[in-house]
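Asks: Provided below for reference: sequence and predicted model.
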Amino acid sequence: QVQLVESGGGLVQAGGSLRLSCAASGRAFHMYTMGWFRQTPGKEREFVAAITWGTGRTSYADSVEGRFTISRDNAKNTVDLQMNSLKPEDTALYFCAAKPTPIIGASRNYDYWGQGTQVTVSS
């Protein structure tokens with residue numbers, strides 16, 4: 001079965017950087033789209049970024065465009081989220097997700113989810 005394990009969260013000051021990593025296993029992911037989402041207490045889960053594993057096409061939420069970069073490493077089977085110029089409003093539990101389609105599309109319905117990694121940005 002598909003397993004997604006996030007790592008790399010932590011506490012950082014505003015303006016700093018963090019790199020999240022998602023280790024994916026259980027399938028051949030070349031026809032999958034991988035996404036990063038985040039959630040804060042009392043709010044709905046929010047889309048952050050996505051990448052198609054095969055072609056590397058990317059999509060970003062407006063709130064992170066230009067600050068975050070999503071990438072995948074085929075050799076390591078990981079999907080990373082480089083987060084720069086972090087703001088206090090980026091504080092959230094960040095989730096890695098996967099869906100078995102090579103098209104990012106508008107749908108935010110993903111089939112597989114990790115447990116999440118906490119990112120806290122202090123002001």
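Replies: Yep, it's here.

Asks: what bridges to the most centrally placed residue in the chain?
Replies: The residue lying closest to the centre of the chain (CA atoms, centre = their mean) is residue 36, at 2.2 Å. Applying DSSP bridges to residue 36 gives these bridge partners: residue 49, residue 96.

Asks: make sure it is actually in contact with residue 9.
Replies: No: Residue 36 is beyond contact range of residue 9, at 11.6 Å (criterion: CB atoms under 8 Å). The way it works is simple: take the backbone N, C-alpha and C, and place the C-beta from them, glycine included.

Asks: overlap of the contact sets of those two?
Replies: Residues touching both residue 36 and residue 9 (CB atoms under 8 Å, 6 or more residues apart in numbering) are 20, 94.

Asks: ok, now which ones touch residue 10?
Replies: 18, 118, 119, 120.

Asks: if we can go back for a sec, for the residue nearest to the centre of the chain, what are its contacts?
Replies: If you count contacts by CB under 8 Å, 6+ apart, then residue 36 has 20, 22, 48, 49, 50, 70, 79, 81, 94, 95, 96, 97 around it.
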